[in-house]
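Chemist: Give the three-dimensional model of this entry:
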Amino acid sequence: MKKYIRELISFVLLMTGLGMNWVEMAWFQPSGVRFVWYLLAFLPVGFPVLKEAFESVRGKEYFNEFMLMSLAAIGAFYIGEYPEGVAVMLFYSIGEKFQDSAVDKARSNIRALLDVRPETATVIREGREVVEKPERVKVGEVIEVKAGERVPLDGVMLGDVAAFNTAALTGESVPRDIRKGGTVLAGMIVTDRVVRVEVAKPYDLSALSRILKLVQDASERKAPAELFIRKFARVYTPVVTGLAVLIVLIPWIVSVVHPAFLFVLDDWLYRALVFLVISCPCALVVSIPLGYFGGIGAASRLGILFKGGNYLDAITKINTVVFDKTGTLTKGVFEVQQVDVRGGFTEGDVIRAIASVESRSNHPVAKAVARYTESREIGIVRDIEVTELAGYGLKAFMEGQEVLVGNTRLLEKYGIAFPAGLAEVPETIVVCAVNGLYVGHLLLADTLKEDAKEAIESLKKLNIDNIQILSGDKQTIVSKLAGYLGVDEAHGDLLPEDKVAHVEALKRDPDRRVAFVGDGINDAPVLALSDVGIAMGGLGSDAAIEIADVVIQTDQPGRIATAIRVGKETRRIIWQNVSLAFGVKLIVLILGAGGVATMWEAVFADVGVALLAILNAIRIQKRVK
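Modeler: Numbering: from 1, shown residues only. Predicted coordinates for the structure are as follows:
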């Protein structure tokens, strides 16, 4: 109630004054008494607006809603319509406070994220527990998190297994089991036991900090509709102010030219004031940005991060969705199924060589190799020099020998012979060559994400007429996956530059609006090129997340259709507001200029339209799921 104390004082004084005037109290009838009474009612709500108008004039901004309301109120007092002058400011002030409340509600999801940042971290130093601020914990240190506490920093699980509530990051209510060596992210809550985590990233680079920055920055990127309304308001406000002046000036000129035309200044000035009140663009200027912010907030609650209102607009125009495969449609959780060796090498030799070279990679295949190597208790070589060959694999010098690890194209590139038919194997393989000789390979299998098939079906229901898969994996693997998912077009054996060329070819069609969905650092160029880049952000690479326009924090491809629905619902609500505001204002503007509408009707129409538009804008919070 404290928030509305000014408005309450003004309202009580206004209603009391109207009551005393209605019963014709003798002491209240003199004009001077009425002026003082209504001035006292005006000041609590009018002074802040007059101050804003004065500051605007000092800043050489002469036409805005503060100036319109100030002119209307001062004009009403000038012609003796004191109650109307108070009402203009009172209901405008109530509308502004309501708008503030609506914005606060739209920000609630972001505030919820801000509230989950732990203020302390328990660090294990020299066998003792030390409570530190998360900012002071260094990478490589071990932190302990008790059941029910939030993880303060990103890191690697050291215990066997524990359940984590990931709702703050992904919007998912179902706890997730994370096993030894798995990635634990800041903001997760340990639900069942005390765990220890080795810190992998400093505080300001944690997943939670990254999410907060993305969402907070989003409000600064304006959608085309917002930019249009801002430009429109700069032109609209001086135009309607000029028209209000003409409403008084033209009849006066006519009365001068034709003396028979009776000109009463107060009557025409009253019409001009009504015109000014109803022309205030508050409903448009506030409700449209609020609509986009509401859309961003609603999406973030679902684990979908739009980096700006412009991307909410852009995603509604998408008619082509191109998927990367590994880590996007599949879990990227590979398991070694088979080890093949040649040339006198043992299984241990081949596994050791491949694991040593892959040890510096974050690729899902490399992680699978590391897990398998650890399970076989095979030691690896740490101190080696590794060179990445994009689209092919890795080259390293290990213990005086040149070691190549990657796909069969890598061996072809270096002219190394390998068994016939190896390139046509439908599963994922990692080949190894030492000093120019093929020595063996690992056979791995990936797992499809639970909602991958549903994701494709949902996109088709949204009339996405072109869905494709692009992958560096073998064509046989990609074609098999596409057939299962119901995707008509799938391309395998692609290098990063091949993906770029493919998307460029799609974009040559002027009617084609392309969204690319990926998660790896090799997807970054295509994410940047597409009309809307969508990154799998839960465990995706920093480069992909940084470049993408939309981040799916849950890593669920099914959320892409949800993101499109959020965009469409936001756009629909915004254009409802535009139509409502323009329609009502146009009608009352005409009635006001014609002397039919009163100041009271203008006030209620302006504030009413603004409130309806705001209520409609925040409706998005409840409509999207």
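
Chemist: Which strand or helix spans Ser70?
Modeler: Using DSSP states H and E, Ser70 sits within helix 65-78.

Chemist: Check Ile250 too.
Modeler: For Ile250, the enclosing helix or strand under DSSP H and E is helix 224-257.

Chemist: next one: Gly327
Modeler: With DSSP H and E as the test, Gly327 turns up in no helix or strand.

Chemist: Surely it touches Lys367?
Modeler: No. Gly327 is beyond contact range of Lys367, at 10.8 Å (criterion: C-beta atoms under 8 Å). Every C-beta, even on glycine, is put in place using the N, C-alpha and C of the backbone.

Chemist: More neighbours: these two, which one.
Modeler: Gly327 (24 against 18; other C-beta atoms under 10 Å).

Chemist: Could you report the pLDDT at that one?
Modeler: Per-residue pLDDT puts Gly327 at 77.

Chemist: which element is Ala370 on?
Modeler: Assigned by DSSP H and E, Ala370 falls within helix 364-375.

Chemist: What residues sit buried inside that helix?
Modeler: Residues of helix 364-375 classed as buried: 364-373 (neighbour count, 16 or more other C-beta atoms under 10 Å).

Chemist: One more: stretch 419-427?
Modeler: When burial is assessed from 16+ other C-beta under 10 Å, stretch 419-427 yields the following buried residues: 423, 427.

Chemist: can you count the residues close to the nearest residue to Leu589 once chain neighbours are set aside?
Modeler: Leaving aside its sequence neighbours, Leu589 sits nearest to Ile278 (C-beta to C-beta, 6 or more residues apart in numbering; 5.5 Å). As a burial measure, Ile278 scores 29 neighbours (other C-beta under 10 Å).

Chemist: Please name the residues that touch Ile278.
Modeler: 585, 588-589, 592, 597, 602, 605-606 (C-beta atoms under 8 Å, 6 or more residues apart in numbering).

Chemist: repeat that for 10 Å
Modeler: Counting by C-beta atoms under 10 Å, 6 or more residues apart in numbering, Ile278 touches 68, 72, 240, 584-593, 597, 599, 601-606, 609.

Chemist: would you say it is within a helix?
Modeler: Yes. Counting by DSSP: H, G, I helix; E, B strand; the rest coil, one finds Ile278 located in a helix.

Chemist: follow-up on the earlier one: alpha carbons of the helix holding Ala370, as PDB, please.
Modeler: Extracted in PDB, the C-alpha atoms of helix 364-375 (Å, rounded to 0.1, in the frame of the first residue of the first chain):
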ATOM      1  CA  PRO A 364      31.700 -36.700 -26.700                       C
ATOM      2  CA  VAL A 365      33.700 -39.400 -28.500                       C
ATOM      3  CA  ALA A 366      36.800 -38.400 -26.600                       C
ATOM      4  CA  LYS A 367      34.900 -38.600 -23.300                       C
ATOM      5  CA  ALA A 368      33.700 -42.100 -24.100                       C
ATOM      6  CA  VAL A 369      37.300 -43.200 -24.900                       C
ATOM      7  CA  ALA A 370      38.500 -41.700 -21.600                       C
ATOM      8  CA  ARG A 371      35.800 -43.500 -19.600                       C
ATOM      9  CA  TYR A 372      36.600 -46.800 -21.400                       C
ATOM     10  CA  THR A 373      40.300 -46.300 -20.800                       C
ATOM     11  CA  GLU A 374      39.800 -45.700 -17.100                       C
ATOM     12  CA  SER A 375      37.500 -48.800 -16.800                       C
END
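
Chemist: oh, and call the first residue 81 from now on, that's how I've got it
Modeler: All set: I'll call the first residue 81, so the last point we hit is now helix 444-455.

Chemist: Residues contacting stretch 198-212, please?
Modeler: 213-218, 221-226, 229-233, 266-267, 274, 276-277, 279, 283, 288.

Chemist: centre of the chain versus it, how much separation?
Modeler: 34 Å (C-alpha atoms, centre = their mean, to the nearest Å).

Chemist: now stretch 139-155
Modeler: 35 Å.

Chemist: Could you do stretch 607-618 as well?
Modeler: 13 Å.

Chemist: And stretch 441-453, by the same measure?
Modeler: Here the centre of stretch 441-453 is set off from its chain's centre by 32 Å, with C-alpha atoms, centre = their mean.

Chemist: Need the overlap of contacts for Gly407 and Lys447.
Modeler: In contact with both Gly407 and Lys447: Val413, using C-beta under 10 Å, 6+ apart.

Chemist: about what we covered before: pLDDT of the helix holding Ile330, averaged?
Modeler: For helix 304-337, mean pLDDT is 74.

Chemist: how about low-confidence regions in the stretch 481-630 of the chain?
Modeler: 600-602, 618-624 (pLDDT under 70).

Chemist: What segments of the stretch 131-280 of the chain are strands?
Modeler: Secondary structure of the stretch 131-280 of the chain (DSSP state E, counting those that start in this stretch): strands at 201-205, 208-212, 222-225, 235-237, 241-245, 256-259, 263-264, 269-270, 275-279.

Chemist: tell me what the last one is packed against?
Modeler: Spelled out, that is strand 275-279. strand 201-205, strand 222-225, strand 235-237, strand 241-245, strand 263-264 (3 or more C-beta pairs under 10 Å, 6 or more residues apart in numbering; DSSP states H and E).

Chemist: Helix or strand: which one has Gln417?
Modeler: Assigned by DSSP H and E, Gln417 falls in strand 415-421.

Chemist: if we can go back for a sec, using CSV, lay out the helices and strands packed on strand 275-279 together with mean pLDDT, distance to Thr634 and mean neighbour count.
Modeler: Converted to CSV, the helices and strands packed on strand 275-279 look like this (pLDDT from 0 to 100; distance: least, C-beta to C-beta, whole Å; neighbours: other C-beta atoms under 10 Å):
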stretch, mean pLDDT, distance to Thr634, mean neighbour count
strand 201-205, 90, 25, 18
strand 222-225, 92, 22, 20
strand 235-237, 91, 20, 20
strand 241-245, 82, 14, 20
strand 263-264, 86, 15, 22
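
Chemist: packing partners for the longest strand that the chain contains?
Modeler: Selection of the longest strand in the chain by residue count, based on DSSP state E, yields strand 517-525. Packing partners of strand 517-525 (3+ C-beta pairs under 10 Å, 6+ apart): strand 415-421, helix 427-438, helix 444-455, strand 481-486, helix 488-493, strand 508-514.

Chemist: Return the last one as CSV; C-alpha atoms alone will do.
Modeler: Right, strand 508-514. What follows is strand 508-514, C-alpha atoms only, in CSV (Å, rounded to 0.1, in the frame of the first residue of the first chain):
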residue,chain,number,x,y,z
THR,A,508,31.2,-44.4,-35.3
ILE,A,509,34.8,-45.4,-35.4
VAL,A,510,38.0,-43.8,-34.2
VAL,A,511,41.0,-45.0,-36.3
CYS,A,512,44.6,-44.8,-35.2
ALA,A,513,47.8,-44.7,-37.3
VAL,A,514,51.4,-44.7,-35.9
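
Chemist: and the angle for that strand with strand 481-486?
Modeler: Using axes from the mean of the first three to the mean of the last three C-alpha atoms, to 10 degrees, the direction of strand 508-514 lies 170 degrees away from that of strand 481-486.

Chemist: Check the second one too.
Modeler: Using the same axes, to 10 degrees, the interaxial angle of helix 427-438 with respect to strand 481-486 works out to 80 degrees.
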